[in-house]
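# I would like the atomic coordinates for the input below:
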Amino acid sequence: MDRKRLERALEDEFGGTEAERRAVSRSARDLVDSGRPSEDRGHGLTVSGVVGHLGDAPDGSSLVERWNWWMGALDAAYGGYDYFRVRFVEGDEATGLRR
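Numbers count the residues shown, from 1 in each chain. Okay, the predicted model is just below:
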């Protein structure tokens, strides 16, 4: 999955800060590299798939909240996805998630 393409799609669909988009796309890339989605769900992640799943999160959720909501759902279903949650957004004072 191309991180830059994902960042653009996230910006178009959900907005958020550049730092938030970077953190979510980094976590998505780590998730892809882990091979977990293919093992657990039978197919890899795509940009459109990520955007679609994040769109299912509760209305009014920030980009990071959407990502963490989805990771929580995957963790409940398969286990082992808590590792891919975004816990801080480095250098972004606009979000409550900071290092």
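# so what pLDDT did the spatially most central residue of the chain get?
The geometric centre of the chain, computed from its C-alpha atoms, lies nearest to Trp67 (CA atoms, centre = their mean), at 3.8 Å. As predicted, Trp67 sits at a pLDDT of 98.
# for Leu97, same thing?
On the pLDDT scale, Leu97 gets 56.
# for His53, same thing?
Note on His53: pLDDT of 97.
# picking up where we left off before, state the distance from the residue nearest to the centre of the chain to Ser27.
7 Å (CB to CB, to the nearest Å). For glycine as for every other residue, the C-beta is placed from the backbone atoms N, C-alpha and C.
# so what's in contact with the two at the same time?
Counting by CB atoms under 8 Å, 6 or more residues apart in numbering, the shared contacts of Trp67 and Ser27 are Arg85, Val86.
# do a quick rundown of the helices in the chain.
Using DSSP state H, the helices of the chain run over residues 3-14, 18-34, 36-41, 47-55, 63-78.
# fine by me, thanks again.
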